[in-house]
Each structure stands twice: as structure tokens, then as C-alpha cells.
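Colleague: got a sequence here, can you model it:
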Amino acid sequence: MTTEALPDAEAALAALVERMRGAVAHDAALVGIYSGGAWLAERLATLLPGAHPLGFIDVSYYRDDYEISGLKPNAKRTSLPFDVAGASIVLVDDVLFTGRSVRAAINELFDFGRPERIELAVLVDRGGRELPIEATYTGTRLAVARDLSVVLSRDDAGTLSLAVEPTRRRERAEPRARRT
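Modeller: Residues are numbered from 1 along each chain as shown. Take a look at the predicted model:
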């Protein structure tokens, strides 16, 4: 896939905003998954009507491949400066692929309380799900080979862009022996 075939990230964000406008509760909290989802949540909070509490979540310790890939060197602190219990939450991520990051984020959210509802907004849905997770709101859909990653970047002016890079190969974990 060439850069010319990639959608414009700013146009995808505008499409995402249009799909969310009028559909998202005016007081729904926006929780961005670091780092691309955090950038998007910040932008969405200013572009959507209503007063949206803003939070950020780092799923590093909740990923099911933690034993394989270890902790990312740039792990951030989760910040949810509102009561999660009973809240309407829109979880925001940059690229939806296998669904594993979203699953990890949902698990972490429940450690803070039981939300009334969780919706999912993503800039790019690239398919290839390994878990039954689907976005409520999507900016754009994109078909990409499994050995490639779609990466969201942000420049110093805050402008978003998409790129495709080779995926870092991760070794599969050996199945654990069952205890009898």
C-alpha cells in the first residue's frame, strides 16, 4: 500500500465527528487510548457539541500479549478525572485491528467502576478482528495486509497523518499447560 492510497487523517477525523455529532450523549466522557486515541479524544472534545469530560487510558498492563512483548518504554499513567461508575463513555482509539487493545481498555475501565454504557470511536477500522469487538463510530475503513501496521502521527502543529509500516514481529506465546 502506498501513501497515496491512504486516507487523509484530518478528513477521516472530520467524517468521524459528523458520524458522532447528534448521536453521542452531550455529557459522555471521552476516554482516549494512548497515544493516538488520546490525541483524537482531545480533538473530539473540542469538536463535538456538549461538555465531555476527558480521560486517558494506558492499556500496557492489561494487554494479553504483555508476557510476549513486555512493557512499552513510554508507558503513561491512566487518568480518569471523573466517576466511571454510571457514566456514559466513548472509548477512542486510532486504529481498530484485532480488538485486543480495546478489550484491555474495557477491562481497565471496569477496575474504576461500572459504566452505564461504553461506545467505541475509531479513526480507522482496518478489519482483521480476533475478538468480537466492533466500533460504534468509524472515520474510515481501510484494508491493509496483516504484516503491516497503520500508524497515526501528529506534528508539532497538531495535524494528524497516517502511514503504513511493517509490523514488528511478535512471537506467539506457548500455550499454557492445563492444570488438572
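
Colleague: residue 122 pairs with what?
Modeller: residue 93, residue 138 (DSSP bridges).

Colleague: that one and residue 111: what is the separation?
Modeller: According to CB to CB, to the nearest Å, residue 122 and residue 111 sit 22 Å apart. All C-beta atoms are positioned from the backbone trio N, CA, C, and that covers glycine.

Colleague: okay, these two: which has more neighbours?
Modeller: Between residue 122 and residue 111, counting by other CB atoms under 10 Å, residue 122 is the more crowded of the two (28 against 10).

Colleague: what about the more buried one, distance to residue 51?
Modeller: 23 Å.

Colleague: the spatially closest residue to residue 21 that is not a sequence neighbour: what's it in contact with?
Modeller: For residue 21, ignoring the flanking residues on the chain, the nearest one in space by CB to CB, 6 or more residues apart in numbering is residue 48 at 6.3 Å. Residue 48 sits next to 17, 20-21, 24, 30 when contact means CB atoms under 8 Å, 6 or more residues apart in numbering.

Colleague: can you rerun that using 10 Å?
Modeller: 16-17, 20-24, 26, 28, 30, 90, 121 (CB atoms under 10 Å, 6 or more residues apart in numbering).

Colleague: do the same with residue 82
Modeller: Per CB under 10 Å, 6+ apart, neighbours of residue 82: 27, 29, 31, 52-55, 89, 112-113.

Colleague: picking up where we left off before, and the two most separated of the contacts of residue 48?
Modeller: Across the contacts of residue 48, no pair lies farther apart than 16 and 26, at 17.2 Å, counting by CB to CB.
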